[in-house]
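Novice: I'd like to go over a predicted model; first the sequence, then the structure.
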Amino acid sequence: MRLPAKDAPEHDFMICFTNDTIKRIGEALKRNDEPEKAKPFLGTDWESFKINPAYPVLIEYKDNDFKPDLPDGLPMERGIEHRIDINDQNVAIYRQQ
């Protein structure tokens, strides 16, 4: 495997991996690929989540799919068209607050 260096191409180097090394690298990447926000919760046991007031509701509806059924294609055209009429198209559109 050829690994490129960021600073200069003359610093590129070649490395050979064994199956054991590839497995260890894969395990290390799995550990280091976790999002930073999730890391504090990875060591938390499930018992601490049971005190959350939403826990019984989530357990009750755990088999339900909360994704809405989206229609295929664009929505139907309606009788109302929304648009903004601009007096001067070269002026930025904004509202002072």
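Specialist: That came in fine, so what should we check first?

Novice: please pull out the lowest mean pLDDT helix or strand from this structure.
Specialist: Taking mean pLDDT, DSSP states H and E as the measure, the chain has strand 13-14 as its least confident helix or strand, at a mean of 51.

Novice: in this protein, where is pLDDT below threshold?
Specialist: Along the chain, segments meeting pLDDT under 70 span 1-19, 21-35, 38, 42, 65-68, 95-97.

Novice: all helices of it, in order?
Specialist: Ranges of helices in the chain, per DSSP state H, are 19-32, 39-42, 55-60.

Novice: neighbours of Lys39, how many?
Specialist: Per other Cβ atoms under 10 Å, the neighbour tally for Lys39 reads 9. C-beta: built from backbone N, CA, C; applies to glycine.

Novice: residues contacting Lys39?
Specialist: Contacts for Lys39 (Cβ atoms under 8 Å, 6 or more residues apart in numbering) come out as none.

Novice: could you number the chain from 3 rather than 1 from now on?
Specialist: In the new count, where the first residue is 3, that last one comes out as Lys41.

Novice: any idea how far Phe51 is from Tyr63?
Specialist: 16 Å (Cβ to Cβ, to the nearest Å).

Novice: typed the wrong thing, it's Glu79
Specialist: From Glu79 to Tyr63 the distance is 36 Å (Cβ to Cβ).

Novice: strands of the protein, start to end?
Specialist: Ranges of strands in the chain, per DSSP state E, are 4-5, 15-16.

Novice: against Pro73, how distant is Ile82?
Specialist: 19 Å.

Novice: actually His84, not the one I wrote
Specialist: Applying Cβ to Cβ, the value for His84 to Pro73 is 20 Å.
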